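Peer 1: starting from these lines, generate the structure:
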Amino acid sequence: MRKKVYFLLAFFMLPLLTMAQTKVDASEIIAKINRGEAVSYKNAEITGDLDMTKLKNMKLKNEKDSKYDSKEYISTVTAPIIFENCTFKGDVLAYFNPDNGINIVNQKNEVYNTNFEKEVRFEDCTFEKATAFKYSEFEEKVSFAGSRFKEEALFKYSEFEKRADFNKADFRELANFKYVTFPVAADFKGATFDDDADFKYAKFENGVNMQQATFNDLANFKYTKFSAPANLKGARFNGSTDFKYTKLGNRSVDLATLQARNK
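Peer 2: Numbering: from 1, shown residues only. Alright, predicted model coming up:
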């Protein structure tokens, strides 16, 4: 009888023990990345800042003669990183500028960027703080499908060499994709933009899927270059829009024309 009681207690305590084991310190992940190991976590809570900008393989990309010019340091993630249904309690950084992009007299402007050689997946994840991938180069497929960004999602100047998937992503603050080129059809189907969606100067070289996407604030596609298929079927624009100088192929196009193509 006593054994049965112990067994039942252990059985009911198992979920609690499992939940306790899901917390992972970001430093553990950085250590794996520095060893060149693949990173894979599911149903985990990541504590601390996941700062990938100062890895062991960090190199100085350029150094100018002028004391006012910037130094750019590049770190490289050499193995796949995969997160499924994870919550990031701290910042997730692949870009860092301690001077916030402002050069000050007699002060060096140092910029730290991170590139990714293998697959990158943050699927159904929650980012509770800053997310910065500005200038990052992604050599393989990238997926943030189903993820929630509670602060700015910074992808400005990012380079995607293959497919970028933001299907059903939820952007609570600014979604910054300014100057991004998508060489493969990008997927923003069902994505929600509660704040500004900045695609100014972005290029969709092989189409984009924005079916059922919702734009609740400024949808900025000024100077954006679309190519077919540009699918905006069912997309809702509840805020202001800017499609000035927007092109589809070599022709100027406005929002009404883009939407009419998918009816």
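Peer 1: run through this protein and note the low-pLDDT ranges.
Peer 2: 1-21, 62-69, 100-108, 263 (pLDDT under 70).
Peer 1: for it, just list every one of the helices.
Peer 2: Secondary structure of the chain (DSSP state H): helices at 2-20, 26-34, 255-260.
Peer 1: report the buried residues of the last one.
Peer 2: Think helix 255-260. 255, 258 (16 or more other CB atoms under 10 Å). Yep, even glycine has a C-beta here, placed from its N, CA and C like the rest.
Peer 1: outside of that helix, which residues touch it?
Peer 2: 221, 226, 230, 232-233, 235, 237, 241, 243, 248 (CB atoms under 8 Å, 6 or more residues apart in numbering).
Peer 1: which of those fall within strands?
Peer 2: 226, 230, 237, 241, 248 (DSSP state E).
Peer 1: between the residues you listed, which is nearest A191?
Peer 2: F237 (12.9 Å; CB to CB).
Peer 1: surely M210 and A191 touch.
Peer 2: Yes - under the criterion of CB atoms under 8 Å, M210 makes contact with A191 at 7.4 Å.
Peer 1: next, count neighbours for N206.
Peer 2: N206 sits with 14 neighbouring residues when counted by other CB atoms under 10 Å.
Peer 1: redo the ones in strands among the contacts of helix 255-260 as CSV? Include distance to E84 and neighbour count.
Peer 2: Shown next, in CSV, are the ones in strands among the contacts of helix 255-260 (distance: CB to CB, whole Å; neighbours: other CB atoms under 10 Å):
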residue, distance to E84, neighbour count
F226, 31, 22
A230, 30, 20
F237, 31, 19
T241, 34, 17
L248, 35, 18
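Peer 1: and those residues as CSV, adding distance to L258?
Peer 2: Output for these, formatted as CSV (distance: CB to CB, whole Å):
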residue, distance to L258
F226, 7
A230, 6
F237, 11
T241, 11
L248, 7
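Peer 1: check those and tell me the two furthest apart.
Peer 2: Farthest apart among those by CB to CB are F237 and L248. That separation is 16.9 Å.
Peer 1: any idea how far D196 lies from L248?
Peer 2: D196 sits 22 Å away from L248, going by CB to CB, to the nearest Å.
Peer 1: give the buried residues for stretch 84-97.
Peer 2: Going by neighbour count (16+ other CB under 10 Å), the buried part of stretch 84-97 is 86-97.
Peer 1: correction: the previous question concerned stretch 240-255.
Peer 2: Residues of stretch 240-255 classed as buried by neighbour count (16+ other CB under 10 Å): 241-243, 246, 248, 253, 255.
Peer 1: and D242, what is it in contact with?
Peer 2: 200, 218-222.
Peer 1: again, 7 Å this time
Peer 2: Listed by CB atoms under 7 Å, 6 or more residues apart in numbering, the contact partners of D242 are 218, 220-222.
Peer 1: of the residues you listed, select the buried ones using a PyMOL command.
Peer 2: Provided next is the PyMOL selection string for whichever of the contacts of D242 are buried by 16+ other CB under 10 Å:
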select buried, resi 218+220+221+222
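Peer 1: closest one of the contacts of D242 to K162?
Peer 2: F221 (22.9 Å).
Peer 1: tell me what F149 is bridged to.
Peer 2: Beta bridges link F149 to F127, F171, judged by DSSP bridges.
Peer 1: wait, doesn't it sit right on F127?
Peer 2: Yes - counting by CB atoms under 7 Å, F149 touches F127, with 5.0 Å between them.
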